[in-house]
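**Student:** could you look at this predicted model? Sequence included:
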Protein chains: 2
Amino acid sequence: MSDAGSPAGKLYVIGLGPGPASWLTPEASEALAAVTDLVGYFSYVERVAPREGVTIHGSDNRVEIDRARHALELAEAGRVVGVVSGGDPGVFAMAAAVLEALESGPEAWRGIDIEILPGVSAMQAAAARIGAPLGGDFCAVSLSDNLKPWSIIARRLEAASVGDFVVALYNPASRARPRQIHDAFALLRKLRPHSTPVAFARAVGRPDERIVLTTLGEADPGLADMSTLVIVGATTTRLIARPGRNPFVLTPRSYGAGR
Amino acid sequence: MSDAGSPAGKLYVIGLGPGPASWLTPEASEALAAVTDLVGYFSYVERVAPREGVTIHGSDNRVEIDRARHALELAEAGRVVGVVSGGDPGVFAMAAAVLEALESGPEAWRGIDIEILPGVSAMQAAAARIGAPLGGDFCAVSLSDNLKPWSIIARRLEAASVGDFVVALYNPASRARPRQIHDAFALLRKLRPHSTPVAFARAVGRPDERIVLTTLGEADPGLADMSTLVIVGATTTRLIARPGRNPFVLTPRSYGAGR
């Protein structure tokens, strides 16, 4: 900040990864060790080891933009603020919320030193556990219609199927939004072969991790909850059987001209 | 492996992240400390600090499947093998190559203990540097036509534009393939507004990092090389000006119904 009278606040948007410390980058660890204030949804803030001198601003408020504004206010006041986010903050998480708050906020906020620290995303963790489902071209689509109408989501699922992309479905369902994943599967079953491999990857890397491999035709969309990432294969996606282990899911890099 | 007579080989597919050690996960570091053999493209193997007792199988062979087969042979022979990959091995990298080799290889390979360790991808590192360009729904498309015909790439760029996805372009160009990024931009200019924000993010996190922010209409596709990740915005993607700093690129989470 160029104003010599203003304190040098800082805002880190920190990706915590999907859960375990083994997926937390050293960069994120260093930032967590430097902050004076931690802002985030309770379940993310709770993952960070408490440290003397750090003020915790945990929130059960689902309105991310409010948390983002609060974090910017703290940084403007000279605090070193960490906004914590599960997975990668750039993928359906706090980076966009912070920048939306910045865009609509007071001009002075534009001078705040903001650094976004990437993390392993839920999509990548899920993919690593089941093989190489994202080995070809892929899309990520959030099914939450809190922020966009269902018509946009439907258009994107259709376009992703025309392009024969592997699709990772974020925010497939919540208690307040149980329907979207059912509607999405109903639509995808009209667009893709029912034999398409599908994975429900819940809480990957956490004690309650659960992976279900199935097909588009046989999948029970009710398996998906807030902590689930759903991967729907392309026409090239297939299983590799292994004795005594779960099969691997593979989307090969190559794409035959014969389709 | 259940055969009591066979040695307990292991194969890790290790994501090194985009470059700096600050983006290497603790899980990946632990695996690098456990391997007896390292297999990979020279520029990736060279990133790993040498350690006594580790056999390096560096290669300038661009045929990834050959490296994958070699790694599986070593693991079958009882070695603890690390296949190293830049970024995330699941995103246009070695995880798919290893599983393709597994699928087409001898039955005995199916018993090998294979673990894939995710990493920060180039796409996420680039996004974090420039703001939150992936804040909405997005696609990742490899422009390499070594493994798929251009018609498939074109169909995917068209579908991604119909769906108004942000698009991350991997492998935009190489000395052997200078044309694809020019053809991709020519196509995208027919499909998206010329004012669409575009970022060329080269070697993010490495000493020769270079970021160029421009628009689809004004972009020079010749800026892209092997080390460049190109991000092309959706219709909602925009810039946030900041005094004395580069603007942030934001794709907001919300999508107005007015389109």
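**Tutor:** On my side now, so go ahead.

**Student:** so where's chain A shaky on pLDDT?
**Tutor:** For chain A, the stretches flagged by pLDDT under 70 are A:1-7, A:61, A:256-259.

**Student:** show me where it has its helices.
**Tutor:** Counting by DSSP state H, chain A has these helices, from start to end: A:26-34, A:42-45, A:64-76, A:94-104, A:122-130, A:150-162, A:180-191.

**Student:** who's in contact with the fifth one?
**Tutor:** The reference is to helix A:122-130. Residues outside helix A:122-130 that contact it (CB atoms under 8 Å, 6 or more residues apart in numbering or on different chains) are A:17-18, A:23, A:86-87, A:91, A:133-134, A:140, A:168, A:170, A:199, A:201, A:204-205, A:209, A:211, A:213, A:229, A:231, A:246, A:248-249, B:88-91, B:95, B:116-119, B:121. Yep, even glycine has a C-beta here, placed from its N, CA and C like the rest.

**Student:** any idea which of the helices of chain A is most buried?
**Tutor:** Comparing those on average neighbours per residue, with mean count of other CB atoms under 10 Å in any protein chain shown, the densest one is helix A:122-130 at a mean of 28.

**Student:** between helix B:26-34 and that helix, find me the angle.
**Tutor:** Here the directions of helix A:122-130 and helix B:26-34 differ by 40 degrees (axes from the mean of the first three to the mean of the last three CA atoms, to 10 degrees).

**Student:** okay, now the nearest residue to residue A:175 once chain neighbours are set aside: neighbour count?
**Tutor:** Nearest residue to residue A:175 in three dimensions, chain neighbours excluded: residue A:226, at 7.9 Å (CB to CB, 6 or more residues apart in numbering or on different chains). Residue A:226: 14 surrounding residues under other CB atoms under 10 Å in any protein chain shown.

**Student:** please name the residues that touch residue A:226.
**Tutor:** For residue A:226, the contacting residues are A:171, A:173, A:174, A:175, by CB under 8 Å, 6+ apart.

**Student:** ok so, going back, buried subset of the contacts of helix A:122-130, written for PyMOL?
**Tutor:** Selection of buried members from the contacts of helix A:122-130 for PyMOL, criterion 16 or more other CB atoms under 10 Å in any protein chain shown:
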select buried, (chain A and resi 17+18+23+86+87+91+133+134+140+168+170+199+201+204+205+209+213+229+231+248+249) or (chain B and resi 88+89+90+91+95+116+117+118+119+121)
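
**Student:** care to break chain A down by domain?
**Tutor:** What automatic domain parsing lists as the domains of chain A is A:10-120, A:123-250.

**Student:** distance to residue B:62 for the ones you listed - can I get that in a markdown table?
**Tutor:** Converted to a markdown table, the domains of chain A look like this (distance: least, CB to CB, whole Å):
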| stretch | distance to residue B:62 |
| --- | --- |
| domain A:10-120 | 27 |
| domain A:123-250 | 17 |
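
**Student:** which one of those domains lies closest to residue B:237?
**Tutor:** When these are compared by CB to CB, domain A:10-120 sits nearest residue B:237, at 10.7 Å.

**Student:** out of the contacts of residue A:226, which end up buried?
**Tutor:** Buried among the contacts of residue A:226 by 16+ other CB under 10 Å: A:171, A:173, A:174.

**Student:** show me the strands in chain A, by range?
**Tutor:** Taking DSSP state E as the criterion, chain A contains strands spanning A:10-15, A:37-41, A:55-59, A:80-85, A:113-117, A:131-132, A:138-142, A:166-170, A:197-202, A:210-215, A:228-232, A:238-242, A:245-250.

**Student:** deepest of those, which one?
**Tutor:** Most buried of those, by mean neighbour count (mean count of other CB under 10 Å): strand A:131-132, with a mean of 30.

**Student:** and it, what does it pack against?
**Tutor:** strand A:245-250, helix B:94-104 (3 or more CB pairs under 8 Å, 6 or more residues apart in numbering or on different chains; DSSP states H and E).
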